[in-house]
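Trainee: take this sequence and fold it.
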Amino acid sequence: MCLIRAYLRASTDGQDTSGARQQVEKFAGDRGMQIAAWYLENESGTKLARPELFRLLAASHPGDVLLVEQVDRLSRLGAADWDRLKVELAARKVRIVALDLPTSWMMATGEVDDFTARMFDAINGMMLDMLAAVARKDYEDRRRRRMEGQERAKAEGKDVGRPENKKRNAKILAMLKGGASYSAVQEATGCSRATVAKIAKRAKAA
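Mentor: Below you'll find the model as predicted:
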């Protein structure tokens with residue numbers, strides 16, 4: 001029996017995965033799918049070394065489904081790293097189902113004949129390559145525009161630092177004071193463990 005493993009990724013500490021989780025839960029519920037495990041992390045999609053993603057893969061068995069909201073949540077990798085990830089996925093025979101890739105939806109239940117499965121594997125492979133390439137280009141374009149904006153701001157003497165997410169940090173602090181574990185805080189806020197530790201250290205010093 002295949003298991004559905006949902007992977008949620010937010011790229012910065014200021015983001016959370018609650019909206020994506022609701023979308024994934026609705027998608028699964030509408031199709032009678034039961035999600036066996038959730039894997040959440042705050043890491044850039046441009047990094048291949050993502051602990052939660054590889055924890056998911058390590059726990060997977062042939063035929064299991066890796067369910068994501070969008071392909072760019074799985075990868076904004078460069079071509080070489082994307083090829084490495086595909087090798088890992090193929091070796092573990094994990095099937096990718098993404099909400100923004102309709103051709104992958106029928107593979108979620110595994111209730112298809114061998115010919116159909118092979119045909120859609122080929123189609124999905126091609127579509128995944130295309131969407132992963134688009135995601136990478138989008139990242140590079142946004143990064144270039146951000147750097148150009150920062151250079152203009154510096155030239156004008158403006159502060160270009162990222163503002164603190166005070167609302168999220170207040171929630172982290174409240175949970176820590178209430179005795180919540182680091183893991184519980186991470187899951188509730190979608191922030192990294194390093195951020196939780198930073199807020200805890202700041203509170204202790206105060």
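Trainee: which intervals of this structure have sub-threshold pLDDT?
Mentor: For the chain, residues meeting the criterion pLDDT under 70 lie at 1, 12-15, 109-112, 159-162.
Trainee: now the helices for it?
Mentor: 18-30, 51-59, 71-74, 79-92, 114-155, 166-177, 182-189, 193-205 (DSSP state H).
Trainee: now the first one against helix 182-189, angle please.
Mentor: With axes from the mean of the first three to the mean of the last three Cα atoms, to 10 degrees defining the directions, helix 18-30 sits at 80 degrees from helix 182-189.
Trainee: pull out the buried residues from helix 18-30.
Mentor: For helix 18-30, the neighbour count (16 or more other Cβ atoms under 10 Å) marks 20-21, 24, 27-28 as buried. Heads up, the C-betas are built off the backbone N, CA and C, glycines and all.
Trainee: quick one on the thing from earlier: ok, which of the helices of the chain comes nearest W105?
Mentor: helix 18-30 (8.4 Å; Cβ to Cβ).
Trainee: neighbours around A170, how many?
Mentor: 11 (other Cβ atoms under 10 Å).
Trainee: please disregard the earlier target; I meant S183.
Mentor: 10.
Trainee: likewise for A49?
Mentor: A49: 8 neighbours (other Cβ under 10 Å).
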